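Peer 1: fold the following.
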Amino acid sequence: MNINEEYAIELLLSYHSRGYEIGEGYGTCFMYECKITNPERLDRWLLNNDFLRKPTTEEILARYKVPELKVFLSKKGMKVSGRKAELIERLISTLSESDIEILSKSDKRYFLSEKGMDSYQENIDLCELHRNWKYGIQLDKYFKYRKSNGEIREFYETAYLVLQEKIKNGVISIYGKNKITIFDFMNFSEICEKLEMYTDSIKALLMALYIDTNLVSDSHYYFDKDWIENDGVSGLCNRIDQNQCMIFNTYVTQRIVLLSEFYSSHMVDEIFENIKLQYVLFDKNNFKKAVDDIIQSAYFDSSAYMRIIKDNYREIASHILNDKNAVSFSKILKFLRGK
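Peer 2: Model (predicted):
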């Protein structure tokens, strides 16, 4: 059984933990997350291998509403007062074997057997992976770190190792096989916080801010000679203005405030010493001032910092325009596409 099927089986078990019919409206997660085109086949495999069972009489009756249960009791001349659990218990005491058989045939759901429940609980981290699919963790990467000495790690421990490897070995870019983007740092920050690794969490947020304030996320046109020639420096500066809410991302700035007790200016020194960008629009001193402002101000006004970014951008863009050896990204794309 491959990892896609293992993942899909855990999701199917989670469905049946609440009572679910085989073949009943499977979610899109089976196609997009598990890459499984026929989840019903796996569902029937679970049934044939004793992971599933028919519902008990109590589970069948629990599906009915209180007024419906009272009607059943009334027809049998029984008392109709009490809570739902009491009504069900009273009704069960009046049912014949024939009544129970009819009820059982009317309910197409399956629940987890003891074997199914054991398997579901053992692999509960895969349900956490499903709930946190927003982190963009690839299934093969997740399974690479999922176990240690035969023991299954908790979800956030595995997610931490996956994103740590991605950040360590990747390149800050929006293109390429090993690309790292602002979202990777934002996700890593969340995961670190879940693990109470607060220092690592705020470091990741500072990296996200570093990427955004230097326009790395949109470098495909800000630092491309053709884009600068076509849109003009002023046109691209207007685009920088329009992206102000993304450059000083509200989510990032708010989380920096929440984790501010773990912040140290030495973290910024480390970023500027270790991460070398081709073009730096927001220098270290201004970056530190901005972070201090974010933490100390009730309302963070980024307009002064945006002016610094634009002024530096104008200087760099003019340099690119006058550089005969400047690489044109759009020309590279045209070449690769045979145009």
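Peer 1: can we go C-alpha only for contacts and neighbour counts from here?
Peer 2: Noted.
Peer 1: against I309, how distant is the residue nearest the centre of the chain?
Peer 2: Residue closest to the average C-alpha location in the chain (CA atoms, centre = their mean): K134, at 1.9 Å. For K134, the distance to I309 equals 31 Å [CA to CA, to the nearest Å].
Peer 1: give me the below-cutoff pLDDT ranges for the stretch 101-250 of the chain.
Peer 2: 173-177, 218-220 (pLDDT under 70).
Peer 1: so which elements touch the helix or strand harbouring E58?
Peer 2: Here E58, judged by DSSP states H and E, is contained in helix 57-61. Packing contacts for helix 57-61, counted by 3 or more CA pairs under 8 Å, 6 or more residues apart in numbering; DSSP states H and E, involve helix 84-92, helix 97-106.
Peer 1: rerun that using 6 Å as the cut-off
Peer 2: Contact partners of helix 57-61 among helices and strands, from 3 or more CA pairs under 6 Å, 6 or more residues apart in numbering; DSSP states H and E: none.
Peer 1: average pLDDT for that helix?
Peer 2: Averaged across helix 57-61, the pLDDT comes to 81.
Peer 1: list the buried ones in the helix or strand just after it?
Peer 2: Counting by DSSP H and E, the element after helix 57-61 in chain order, helix or strand, is helix 66-75. Neighbour counts over helix 66-75 (16 or more other CA atoms under 10 Å) mark V66, L69, K70, L73 as buried.
Peer 1: what comes into contact with helix 66-75?
Peer 2: With CA atoms under 6 Å, 6 or more residues apart in numbering as the contact definition, helix 66-75 has outside contacts at V80, K84.
Peer 1: which pLDDT value goes with F329?
Peer 2: Listed pLDDT for F329 reads 48.
Peer 1: for R18, which non-adjacent residue is closest in space?
Peer 2: F111 (6.9 Å; CA to CA, 6 or more residues apart in numbering).
Peer 1: wait, is that neighbour part of a helix?
Peer 2: No. Using DSSP: H, G, I helix; E, B strand; the rest coil, the assignment for F111 is strand, not a helix.
Peer 1: run a quick neighbour tally on it.
Peer 2: 24 (other CA atoms under 10 Å).
Peer 1: swap in K284?
Peer 2: Look at K284: counted by other CA under 10 Å, it has 17 neighbours.
Peer 1: show me what contacts it?
Peer 2: Applying CA under 6 Å, 6+ apart, no residues qualify as near K284.
Peer 1: can we see that at 7 Å?
Peer 2: Shown in contact with K284 (CA atoms under 7 Å, 6 or more residues apart in numbering): F272.
Peer 1: ok, V233 next?
Peer 2: Applying CA under 7 Å, 6+ apart, the residues contacting V233 are R314, A317.
Peer 1: now it: how far from A317?
Peer 2: In this view, V233 and A317 are 7 Å apart by CA to CA.
Peer 1: same question for Y145.
Peer 2: For Y145 relative to A317 (CA to CA), the value is 43 Å.
Peer 1: now swap in I137 and tell me
Peer 2: According to CA to CA, I137 stands 36 Å off from A317.
Peer 1: settle it for me: which of these two has more neighbours?
Peer 2: The residue with more neighbours, out of I137 and A317, is A317; 21 against 18, by other CA under 10 Å.
Peer 1: how far does the helix or strand containing the more buried one sit from its chain's centre?
Peer 2: If you go by DSSP H and E, A317 is part of helix 303-322. Distance, stretch centre to chain centre, for helix 303-322: 34 Å (CA atoms, centre = their mean, to the nearest Å).
Peer 1: mind listing what's buried in it?
Peer 2: Buried residues in helix 303-322 (16+ other CA under 10 Å): Y305, M306, I309, K310, N312, Y313, R314, I316, A317, I320, L321.
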